[in-house]
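J.: missing the sequence, but the structure's below:
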């Protein structure tokens with residue numbers, strides 16, 4: 001079993017550059033991790049994206065508190081306060097989906113035109129201050145650039161209230 005695992009890992013390390021090398025050249029990517037995403041998986045995905053030529057701008061970690069029932073009203077209020085021009089809040093939805101739209105609008109460039117993220121939007125998102133997300137830029141020396149692609153890495157399903165939590169987290173993906 002160990003020999004088989006070692007062979008698989010060696011094979012992957014050998015062919016990955018040939019399969020993905022340069023496929024994402026000059027693309028800015030945002031990693032979004034859901035609660036309990038495996039750190040090894042996150043690191044592996046980041047490495048593969050970089051091998052493909054992508055610049056991973058930041059990792060946005062959605063914290064377990066995002067799905068708490070008490071967070072919905074707080075997220076809704078933040079979304080209304082922080083909505084920026086060009087971002088449309090979804091109608092007939094809840095605070096979770098509205099906050100997800102604001103977060104995506106602040107960190108992703110839907111037009112494909114790169115733009116530096118306004119520090120006030122990123123730092124002031126409020127959800128970070130409340131422990132609902134963490135935003136970790138890849139480099140401290142360069143300004144965070146709006147990504148044109150996002151890669152979402154999920155963790156294992158929660159043990160309690162699976163359907164409700166998965167529904168909330170699904171809103172971050174769509």
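T.: Sure, I can see it. From a predicted model like this one, the values you see are computed outputs, not experimental measurements.
J.: lowest-confidence helix or strand of this structure?
T.: helix 119-124 (a mean of 46; mean pLDDT, DSSP states H and E).
J.: ok, then the element right after it?
T.: strand 133-137 (DSSP states H and E).
J.: residue nearest the centroid of this structure?
T.: residue 32 (1.7 Å; C-alpha atoms, centre = their mean).
J.: so where does that one fall, helix or strand?
T.: With DSSP H and E as the criterion, residue 32 is inside strand 28-33.
J.: Distance from the one helix or strand residue 101 maps to to the middle of the chain?
T.: If you go by DSSP H and E, residue 101 is part of helix 95-107. Here helix 95-107 is found 11 Å from its chain centre; the criterion is C-alpha atoms, centre = their mean, to the nearest Å.
J.: ok, residue 80 - contacts?
T.: 89, 98 (C-beta atoms under 8 Å, 6 or more residues apart in numbering). Every C-beta, even on glycine, is put in place using the N, C-alpha and C of the backbone.
J.: Pull up the per-residue confidence for it.
T.: In this model, residue 80 is scored at 81, pLDDT.
J.: tell me which element it is part of?
T.: Counting by DSSP H and E, residue 80 is part of helix 71-82.
J.: in that helix, what counts as buried?
T.: Residues 71, 72, 74, 75, 76, 78, 79, 82 are the ones in helix 71-82 that count as buried (16 or more other C-beta atoms under 10 Å).
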